[in-house]
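Participant: Curious how this folds, go ahead:
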Amino acid sequence: MSRSERLPGPGLAKVQRPPLLQRRHIELVTCSTGRLHALFDGADVLSEGSTRDEGGALVYYGSTSLHVALPPDAPLAALLDRALALDPHLRLRALRVAHREAAARAGGPLGPMQAEIRCGFAPRAAAVSFALTVDVTARVLITTDRTARA
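Facilitator: Residues are numbered from 1 along each chain as shown. From the prediction side, this is the model:
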């Protein structure tokens, strides 16, 4: 391999002696699953969407928003926002609610669903809430009279 054919990047270097000890500090944060599920059960759910005919197949496009009212003792900080946004159990529950809402609006069972989740704090008139918005795209598997008219 000639010099002009080499891939760009760092060249060869001597191996340095690794340090004897290494120290790393990390902070782990987790949500209380029981309290989170109790809050999620009382969430306000708002959905919108419809089907479109695309190449002879019905495709559902829609959005589902969930507003989870936070208790007064919840810290309103970036740490809570990040912990809730990354909690896989909360995201899975939001996806399941969005799938259920989409199937009800589409008028039939859905094929594989593509979803995008956005979340963050949402100040409301009564209290501060955490909002999850799930944008959904899915193919409707069975055409019924209701979906044919849509």
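Participant: Tell me the helix or strand right after the longest helix seen in the chain.
Facilitator: Longest helix in the chain, counting residues (DSSP state H): helix 88-106. Counting by DSSP states H and E, the next helix or strand C-terminal to helix 88-106 is strand 110-123.
Participant: Partner strands of that following strand, with direction?
Facilitator: strand 128-140 (antiparallel) (DSSP bridges).
Participant: avg pLDDT for the partner strand?
Facilitator: Average pLDDT, strand 128-140: 90.
Participant: Restrict that strand to CA atoms and write it as CSV.
Facilitator: The C-alpha trace of strand 128-140 is given here as CSV (Å, rounded to 0.1, in the frame of the first residue of the first chain):
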residue,chain,number,x,y,z
VAL,A,128,-47.1,21.7,36.3
SER,A,129,-47.2,18.5,34.2
PHE,A,130,-44.9,16.4,32.2
ALA,A,131,-45.9,16.0,28.6
LEU,A,132,-45.2,13.1,26.3
THR,A,133,-46.1,13.4,22.6
VAL,A,134,-46.0,10.4,20.4
ASP,A,135,-46.2,10.8,16.6
VAL,A,136,-47.3,7.6,15.0
THR,A,137,-47.2,6.3,11.4
ALA,A,138,-48.6,2.8,10.7
ARG,A,139,-50.2,0.8,7.9
VAL,A,140,-53.7,-0.4,8.5
